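> Build me a structure from this.
(chains A and B)
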Amino acid sequence: DAGVIQSPRHEVTEMGQEVTLRCKPISGHNSLFWYRQTMMRGLELLIYFNNNVPIDDSGMPEDRFSAKMPNASFSTLKIQPSEPRDSAVYFCASSLAGSNSPLHFGNGTRLTVT
Amino acid sequence: QQQVKQSPQSLIVQKGGIPIINCAYENTAFDYFPWYQQFPGKGPALLIAIRPDVSEKKEGRFTISFNKSAKQFSLHIMDSQPGDSATYFCAATSGSRLTFGEGTQLTVNP
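As a prediction, the model looks like this:
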């Protein structure tokens, strides 16, 4: 099992550019989560999907952020336009549906917006 | 809105010591309390978890103590090792939503 795969590992972009982060969940997992980690705010849930359907996007900070899950094996998080305050590590995680199912995290994408 | 409070922010112990990390929550709808361990450059990984109908759970050198009436829980690491140096997050779940504490950076000196 390759685990949750995220790409790219690092992204450096200029303010105003579009950024797309990608995630491949563990095969068979039907819940997918996007988290953002910063020193100031810790780990924040941005959005999560069950069976490819967005369930709770209340953590998405602004309309500049959007997430899609076109199929069970792929999800994207897009920021358009990006701003310096978006700089953070973005994690994708997947799990089997159910409140006691552990989350399996990818190794994250470190985003730097200059 | 931070619903899980974690302390201390950082902790330094000597090898063999017993670091203790504390968490408190407010939402009584939380029904599952996992702890995650994160090494630099990696995502958090599940370490140990407990349900509110149990007061203590032990797995190897890691023990969770849970006080439902006080809405508090803690992680104890017995015989700590330098390899335990990492950031530890407590968390609480309600349904599929997992809320994390602020994290504790643990350093175990040789």
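> Can you name the residue of chain B nearest to chain A?
B:Gly43 (2.9 Å; Cβ to the nearest Cβ). (C-beta placed from N, C-alpha, C; glycine too.)
> Next, the residue lying closest to that residue once chain neighbours are set aside: phi, psi?
In this structure, B:Gly43 finds its nearest non-sequential neighbour in A:Phe105, 2.9 Å apart by Cβ to Cβ, 6 or more residues apart in numbering or on different chains. Backbone torsions of A:Phe105, given as degrees, to the nearest 10, read phi -90, psi 150.
> bridging residues for A:Phe105?
A:Ala93 (DSSP bridges).
> Just give me the neighbour total for it.
Neighbour count for A:Phe105, taken as other Cβ atoms under 10 Å in any protein chain shown: 24.
> The one 4 residues further on now?
For A:Thr109, the neighbour count with other Cβ under 10 Å is 22.
> circling back to that earlier point, just say helix, strand or coil for the residue of chain B closest to chain A.
Look at B:Gly43: counting by DSSP: H, G, I helix; E, B strand; the rest coil, its state is coil.
> Now that it has come up, it's in contact with A:Ile5, right?
No - using Cβ atoms under 8 Å, B:Gly43 is not in contact with A:Ile5, being 11.1 Å away.
> These two: which has the busier surroundings?
Taking neighbours as other Cβ under 10 Å, B:Gly43 and A:Ile5 compare with B:Gly43 leading, 23 against 14.
> and the gap between the more buried one and B:Glu56?
Plainly put, B:Gly43 is 28 Å away from B:Glu56 if you go by Cβ to Cβ, to the nearest Å.
> returning to that earlier point: my guess is the residue nearest to B:Gly43 meets B:Gln37, correct?
No - at 10.9 Å, A:Phe105 does not count as touching B:Gln37 under the criterion of Cβ under 8 Å.
> Alongside chain A, which residues does chain B contribute?
Residues of chain B lying close to chain A (Cβ under 8 Å from any Cβ of the partner chain) are B:31-32, B:34, B:36, B:41-46, B:49, B:51, B:89, B:93-103.
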